[in-house]
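1. Quick one: sequence plus predicted model below, questions after.
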Amino acid sequence: MDERLQDILDTVQKTAVEMSSAAGELFTAAGQKASSLLSVSKLNVRAADLKAQRAALLQEVGSMVYGTHTGAVADSDTLLAKLREIDVVNQELDKIDAEIARLRQSVRVCPLCGADAKPGDAFCRHCGTHL
């Protein structure tokens, strides 16, 4: 076989291997991003449930406080228990918000090659693309 033709075939083979490697990295990055988005979606659903629970608790507390204003004395132990439930719900919401922020920040990938990017990176460390 002609040496020039062999060089061309070697170059084509090398390019094909590099492209398949880049495609594999891109698919891996896409899978990681999809997994992160799914996790964020699940956390958002949980947060919505907690916010609805908090709204119901706040409504109960408001009714108790207004009842006290109109002369119906509220049981202070029950009121305190409701307020503590609200505190627990708020703590859970804070944890969910922090986890969502972490997930959104931790999965940054290069739009060109799919390589993982670290927080603060302005350019891809693999191919140099602006992030």
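-> Okay, I see it.

2. what about Q32, which helix or strand?
-> Applying DSSP states H and E as the criterion places Q32 in helix 3-69.

3. and the angle from the helix or strand that that helix is followed by to helix 3-69?
-> The element immediately downstream of helix 3-69 (helix or strand, assigned by DSSP H and E) is helix 76-106. Counting by axes from the mean of the first three to the mean of the last three Cα atoms, to 10 degrees, helix 76-106 lies at 170 degrees to helix 3-69.

4. Report the buried residues of helix 76-106.
-> For helix 76-106, a neighbour-count test (16 or more other Cβ atoms under 10 Å) marks K82, E85, I86, V89, E92, L93, I96, I100, L103 as buried. Quick note: C-beta positions are derived from backbone N, CA and C, even for glycine.

5. can you tell me which two in those are farthest apart?
-> Greatest spatial distance among the buried residues of helix 76-106 (Cβ to Cβ): K82 and L103, at 31.7 Å.

6. what about R108, neighbour count?
-> Applying other Cβ atoms under 10 Å, we find 19 other residues in the vicinity of R108.

7. Test my guess that it contacts L131.
-> Yes - R108 is within contact range of L131, at 6.7 Å (criterion: Cβ atoms under 8 Å).

8. overlap in contacts of those two?
-> Both R108 and L131 are in contact with A117, D121, where contact means Cβ atoms under 8 Å, 6 or more residues apart in numbering.

9. What strands line up against the least confident helix or strand in the chain by mean pLDDT, and which way round?
-> Counting by mean pLDDT, DSSP states H and E, the chain has its least confident helix or strand at strand 108-109, which shows a mean of 76. The strands beside strand 108-109 in its sheet (DSSP bridges) come out as strand 116-117 (antiparallel).

10. contacts for the partner strand?
-> Strand 116-117 has contacts (Cβ under 8 Å, 6+ apart) with A29, Q32, R108, V109, C110, C124, R125, L131.

11. Kindly recompute the last result at 10 Å.
-> Here strand 116-117 makes contact (Cβ atoms under 10 Å, 6 or more residues apart in numbering) with 25, 28-29, 32, 106-111, 123-126, 129, 131.

12. Buried ones among the residues you listed?
-> Here, 16+ other Cβ under 10 Å leaves E25, A29, V107, R108, V109, C110, C124 buried among the contacts of strand 116-117.
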